[in-house]
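Q: Sequence first, then the predicted structure, then my questions.
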Amino acid sequence: MLLVKVLVFRAPEEERAIDVRVVEEQVRELDEVEKQEETEASESGEEIDAPEELAEELPDDELMQDAMLESELDITGLDAVANIESPLVMKGLMVGRSSAGRKKLLKEFGGRYGGQAEKAVLKGLDWLKEHQREDGAWGVGMSKSMTAKQERARLTGLALLCYLAHGETAQSENYGETVQRAIQYLLAEQDVKSGSFVPFSKTIGSHDDIGVYGHAISTYALCEAYAMTRMPILKEPLEKAVALIIQGQQLGGGWDHRYQHDKWSDLSVGGWQVQALRAAEAAGVQVNGVVQALEKSVSFVQGMHAGEGKFYYRLGNKTPNGDLDYMTGVAVLCMQLAGSEDVEEVKAGLEYLRDVECTDWAEGWEKTGKNKSFNIAYEWYYNTQAIFQKGGSKWPTWNNKFAPMLIEAQDASGAWKPPSDMGRDLTKDIIYTTEFCCLSLQVYYRILPSFKKAARDDQPFEFENDVKIAVY
């Protein structure tokens, strides 16, 4: 005889409270770089605004032996669940995206610039909202070409990441409709059979197809949306999208354009695949091979190391492609996100970044002007995250230059405009730069730093109102 027991779990009727644990802070001595900065500022008569609360000073960063801060947040208990149709879930890596989490981390890591950075981000989000297309995408022109669709997917995915980083979902008061339309656009563009969010070139061996970027960034954004909202409509599309990235990975752990399994690997392309896979893992997307793909990616990135903390942009396509100073941040962040923050290549990369000053606004555009395939905001995005993930005394030193530079460079409209686009209202590069600058200034709360990393939850996600059947 077969007995069937049906258990029905219902969603909680009350909103879960935010559990915040405050621990005593210890004030430490400033490191030599910070002492020099404050001495120079004092001698020049420049007034330094103090943060609302005295921030804990960080010890000297020895890379090999770093003193780790104790988090002000109870990482395991800070879950904010709104009692709405699609609940907002903040846990693990995304703990800082709740209102309470964001406020705490801005104070802890933003220093004197936290409040100004948040205002700049909100202006950027307002500008992006104003320039969203009727179909929910971001982009310029009405072309239906393959390249135009790939570009719109990339720009739309990045914009969606900006809103999600700020804790905005389809239920948000100010940006809810913007978020919802962006999600709907990406889902409508997905090929049901392949799972790709973009069309790919039919030319075998094409090295210039940017679709692999658009697909990974779209997947990345929707994984974060799924992690924060658990919208059932995202489940199957994401399983197909993530599976495509895993299937497109080479035996050596890297990726090329169009997931062709060609004889060359591209670190810039690989960076977005790793971020998408890490987001999929954090969101609990149920696809076989996610963890294994992340582990394989570490060997790929290590193989791109050119020495002394510099990394190749591309290997295996005739001769190594240079642009080494752009790629260190990409490589370090990828290995950090994949859980290999202690390997020698990460230490070498951080050593290199420690000796590199944050590139000035004008200097950066002059540098990238020689290579039209790069945008200096791309470098700020990766390098800032890599240094933030590490922590130590390098972070406040970096932040004290990076944050005011971006804040001051913001246009009155709320956008960040490359010098070549000043005086213009809307271009592809203005959208792209604005998105990367927003994401860079959201670094304080967007992804929990590695030294505050929450323990991984090996239990698969289940909806609270799922019907379970136990067979005895």
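A: That came through fine.
Q: And the helix or strand hosting residue 105, what does it pack against?
A: In the assignment (DSSP states H and E), residue 105 maps to helix 99-109. On a contact count with 3 or more CB pairs under 8 Å, 6 or more residues apart in numbering; DSSP states H and E, helix 99-109 meets helix 114-130, helix 443-446. Using the backbone N, CA and C atoms, a C-beta is placed for each residue, glycine as well.
Q: Dump the helix or strand hosting residue 212 to PDB, restricted to CA.
A: Taking DSSP H and E as the criterion, residue 212 maps to helix 211-229. The C-alpha atoms that make up helix 211-229 are tabulated as PDB, following Å, rounded to 0.1, in the frame of the first residue of the first chain:
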ATOM      1  CA  GLY A 211      27.300  38.700 -28.100                       C
ATOM      2  CA  VAL A 212      29.100  36.700 -25.500                       C
ATOM      3  CA  TYR A 213      29.400  39.800 -23.400                       C
ATOM      4  CA  GLY A 214      25.700  40.600 -23.800                       C
ATOM      5  CA  HIS A 215      24.600  37.100 -22.800                       C
ATOM      6  CA  ALA A 216      26.800  36.900 -19.700                       C
ATOM      7  CA  ILE A 217      25.900  40.400 -18.400                       C
ATOM      8  CA  SER A 218      22.200  39.700 -19.000                       C
ATOM      9  CA  THR A 219      22.500  36.400 -17.200                       C
ATOM     10  CA  TYR A 220      24.400  38.100 -14.400                       C
ATOM     11  CA  ALA A 221      21.700  40.700 -13.900                       C
ATOM     12  CA  LEU A 222      18.800  38.300 -14.000                       C
ATOM     13  CA  CYS A 223      20.600  36.000 -11.500                       C
ATOM     14  CA  GLU A 224      20.800  38.800  -9.100                       C
ATOM     15  CA  ALA A 225      17.200  39.700  -9.700                       C
ATOM     16  CA  TYR A 226      16.300  36.100  -8.900                       C
ATOM     17  CA  ALA A 227      18.400  36.000  -5.800                       C
ATOM     18  CA  MET A 228      16.600  39.100  -4.500                       C
ATOM     19  CA  THR A 229      13.100  38.400  -5.500                       C
END
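Q: for that helix, packing partners?
A: Against helix 211-229 (3+ CB pairs under 8 Å, 6+ apart) you get helix 146-165, helix 176-189, helix 235-247, helix 267-283.
Q: The residue nearest to residue 233 when sequence neighbours are not counted: neighbour count?
A: By the measure of CB to CB, 6 or more residues apart in numbering, the closest residue to residue 233 outside its immediate chain neighbours is residue 187, 7.2 Å from it. Residues near residue 187, counting by other CB atoms under 10 Å, number 16.
Q: Might one say that residue 187 is in contact with residue 236?
A: No: in terms of CB atoms under 8 Å, residue 187 does not count as a neighbour of residue 236; the distance is 10.2 Å.
Q: quick one: buried residues of stretch 415-424?
A: 415-418, 421 (16 or more other CB atoms under 10 Å).
Q: Compute the inter-axis angle for the helix holding residue 212 and helix 235-247.
A: 140 degrees (axes from the mean of the first three to the mean of the last three CA atoms, to 10 degrees).
Q: Residue numbering should commence at 43 henceforth.
A: Okay, residue one is now 43; in that scheme the one you just asked about reads as helix 253-271.
Q: Now do helix 253-271 against helix 218-231, angle only.
A: Using the same axes, to 10 degrees: helix 253-271 against helix 218-231 is 130 degrees.
Q: and the angle from helix 253-271 to helix 309-325?
A: Going by the same axes, to 10 degrees, helix 253-271 makes 20 degrees with helix 309-325.
Q: Helix 188-207 and helix 253-271, what's the angle between them?
A: 30 degrees.
Q: ok so, going back, output the helices and strands packed on helix 141-151 in a markdown table; the columns should cover distance to residue 398, mean neighbour count and mean pLDDT.
A: What follows is those, written out as a markdown table (distance: least, CB to CB, whole Å; neighbours: other CB atoms under 10 Å; pLDDT from 0 to 100):
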| stretch | distance to residue 398 | mean neighbour count | mean pLDDT |
| --- | --- | --- | --- |
| helix 156-172 | 21 | 19 | 98 |
| helix 485-488 | 17 | 25 | 96 |
